[in-house]
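Peer 1: Can you look at this prediction? I've put the sequence above it.
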Amino acid sequence: MKILIRNIKQLVQIDRNSPEKVCGKAMSDLPTLENAYLFIEEGIIRAFGKMDAFSQSDIFFQATKNDVKEIDASGRMVFPSFCDSHTHIVYDGSREIEYIDKIRGLSYEQIAKRGGGILNSAKRLQNASELSLIDQALERLQEIKMMGTGAVEIKSGYGLTAESEMKMLRVIRKLKEISPLAIKSTFLGAHAVPAEYKGRQSEYVDLVINEMIPEVAGEDLADYIDVFCDRGFFTEEDTDRILMAGIKHGLKPKIHANELDFSGGIQVGVKYNALSVDHLEFTAEKEIEALLNSDTMPCLLPGAAFFLEMDFPPARKMIDAGLPLALASDYNPGSSPSGNMQLIMSLGSIKMKMLPEEVINAVTINGAYAMDLQHELGSIALGKKANVFISHKIPSYAFMPYAFGSNKVHTVIINGKIQ
Ligand code: NIG
Ligand code: FE
């Protein structure tokens, strides 16, 4: 199938020099083309340019043939699809009971201590069938796709036994086969210490290292390894051991760090050359320094900070220090029950003072980097995958984070196909 989108008011995030990620000051640059066209063939971006030059282009001659689907995008903008590099969308049911407890004043940690939180989702997931988990996750994938997401990372971590962690990862593998979205999978056996291991945390870490990791790697079920390195969850030492074991089995780290305290997670992530370190509500000079000397992408999850009413990560300070930033949804039933990346952009700009250009870079090219997809997705570039969306009629790209809560996505194209 070929698609020609004409009269695009503004084509956003075009990339001619193919940067892998954008850092610091460059985050406030957003290359665009006004009054543009975009030509897609066999799922790939084949050409784009100004409408003025269109009639002289090769694409003009192709478009005269009748196998091209033409779309007039007058008044609308075209963006690369969002790359959501941190989610937990394989889970059973929902946890609005805890939400009510939260409204009544309990903290996330208090809820977790009472057997709620991650352990609650683990109990449910252990009893759910693979088929039911696939169905529920597919519905969530469909939902995020129609809100503009074209690539997503999905974690295990609600299994917490070898058997159920493998079940979750098999579900993710199935989703990779069925869904048109680009999907990466992450093994998060060290998400919480299961109730049976209470007081014996290091034995659970041994289980993750000696049984789960070899099994996951043996079946090639994960792209990355994650640990929830934070106060009340896994220590810096636990994380060090798990990451080392994961790397030995070919799993690159991509970890939860510094959500609840200065956990040392950022430093241990950088030490093992993590692809990303995520959350980072507790980030000060030392953490920024560690990140500056690394290839690790700091990824902020403002949906979780909002939902848990925490102080937001110091995004401004981090960008001003020269760091890149990605933003992701953290879509999960406990701390961020939303996968709406448009809302994430609004939270990024309103709560963390990121400029519209910075939030757009954070949810496209930098999100792609945080999933190792920067050469395939994250910008409008020749040869990249045609995962893009056409917006509603909007006055400017700043309207995307500005008009929070409403859907600004009109037409979704994934792998060159209208969804
Ligand atoms: O990213 N921080 C750890 N894990 C999830 C929460 C998962 C849950 O509460 O179910 C998060 O916020
Ligand atoms: Fe998370």
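Peer 2: Everything's here; your move. Numbering: from 1, shown residues only. Ligands and ions are numbered 1, 2, ... in the order given.

Peer 1: and residue 7, that one's in a strand?
Peer 2: Yes. Membership of residue 7 in a strand is supported by DSSP: H, G, I helix; E, B strand; the rest coil.

Peer 1: That one - how many residues pack around it?
Peer 2: Per other C-beta atoms under 10 Å, the neighbour tally for residue 7 reads 15. For every residue, glycine as well, the C-beta is placed using N, CA and C.

Peer 1: do residue 216 as well
Peer 2: Neighbourhood size, residue 216 [other C-beta under 10 Å]: 24.

Peer 1: Stretch 188-204: end-to-end distance?
Peer 2: The first residue of stretch 188-204 is 13 Å away from its last residue (C-alpha to C-alpha, to the nearest Å).

Peer 1: Name the residues of that stretch that are buried.
Peer 2: Going by neighbour count (16 or more other C-beta atoms under 10 Å), the buried part of stretch 188-204 is 188, 189, 190, 191, 192, 193, 194, 197, 204.

Peer 1: what's the farthest-apart pair in the residues you listed?
Peer 2: Greatest spacing in the buried residues of stretch 188-204, by C-beta to C-beta: 188 and 197 (15.8 Å).

Peer 1: Now do the strands in the stretch 151-300 of the chain.
Peer 2: Assigned by DSSP state E, counting those that start in this stretch, the strands in the stretch 151-300 of the chain fall at 182-190, 224-229, 252-257, 276-279, 297-300.

Peer 1: And the residue of this structure that's closest to ligand 1?
Peer 2: residue 334 (2.1 Å; C-beta to the nearest ligand atom).

Peer 1: isn't there a strand covering that residue?
Peer 2: No. Using three-state DSSP, the secondary structure at residue 334 is coil, not a strand.

Peer 1: Near it, how many residues? Count them for me, please.
Peer 2: The burial count for residue 334: 25, using other C-beta under 10 Å.

Peer 1: what do you get for residue 75?
Peer 2: When counting by other C-beta under 10 Å, one arrives at 13 neighbours for residue 75.

Peer 1: Skipping adjacent residues, who's closest to it in space?
Peer 2: Counting by C-beta to C-beta, 6 or more residues apart in numbering, residue 75 lies nearest to residue 393, which is 3.9 Å off, once chain neighbours are set aside.

Peer 1: sorry, back to before: residue 96 is in contact with the residue of the chain closest to ligand 1, correct?
Peer 2: No. In this structure residue 334 lies outside contact range of residue 96 using C-beta atoms under 8 Å: 10.6 Å.

Peer 1: Spit out the contact partners of the nearest residue to residue 414 once chain neighbours are set aside.
Peer 2: Excluding the flanking residues, the one nearest residue 414 by C-beta to C-beta, 6+ apart is residue 180, at 4.5 Å. Residue 180 makes contacts with 145, 414, 415, 417, 419, as judged by C-beta atoms under 8 Å, 6 or more residues apart in numbering.

Peer 1: And the next helix or strand past the helix or strand encompassing residue 77?
Peer 2: Assessed by DSSP states H and E, residue 77 sits inside strand 76-80. Toward the C-terminus, strand 76-80 is succeeded by strand 82-84 as the next helix or strand (DSSP H and E).

Peer 1: Show me the helices in the stretch 51-200 of the chain, by range?
Peer 2: In the stretch 51-200 of the chain, the helices defined using DSSP state H, counting those that start in this stretch lie at 58-63, 96-103, 108-113, 117-127, 130-146, 162-178.

Peer 1: what comes into contact with the one helix or strand in the chain whose mean pLDDT sits lowest?
Peer 2: Sorting the helices and strands of the chain by mean pLDDT, DSSP states H and E puts helix 58-63 at the bottom, at a mean of 72. For helix 58-63, the external contacting residues (C-beta under 8 Å, 6+ apart) are 2, 4, 37, 39, 46, 47, 54, 68, 70.

Peer 1: ok, 10 Å please
Peer 2: With contacts defined as C-beta atoms under 10 Å, 6 or more residues apart in numbering, helix 58-63 is touched by 2, 4, 6, 37-39, 41, 46-49, 53-55, 57, 68, 70.

Peer 1: Please apply the same query to stretch 121-133.
Peer 2: Taking C-beta under 10 Å, 6+ apart as the rule, stretch 121-133 contacts 88, 90-95, 98, 115, 135-136, 156-161, 163-165, 167-168, 170-172, 174-175, 191-192, 194-195, 332-334.

Peer 1: and if we set it to 8 Å?
Peer 2: For stretch 121-133, contacts defined as C-beta under 8 Å, 6+ apart pick out 90-93, 95, 158-161, 164, 167-168, 170-171, 174, 192, 194, 333-334.

Peer 1: Take the contacts of residue 180 and keep only those in strands.
Peer 2: Members of these lying in strands (criterion: DSSP state E): 414, 417.

Peer 1: Now a ChimeraX select for only the buried ones of the contacts of residue 180.
Peer 2: Buried members of the contacts of residue 180, defined by 16+ other C-beta under 10 Å, are picked up in ChimeraX with:
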select :145,414,415
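
Peer 1: Can you add pLDDT and distance to residue 209 and give the contacts of residue 180 back as a markdown table?
Peer 2: Shown next, in a markdown table, are these (pLDDT from 0 to 100; distance: C-beta to C-beta, whole Å):
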| residue | pLDDT | distance to residue 209 |
| --- | --- | --- |
| 145 | 98 | 36 |
| 414 | 98 | 37 |
| 415 | 98 | 38 |
| 417 | 97 | 42 |
| 419 | 98 | 41 |
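
Peer 1: nearest to residue 280, of the contacts of residue 180?
Peer 2: When these are compared against residue 280 (criterion: C-beta to C-beta), the nearest one is residue 145, at 27.2 Å.
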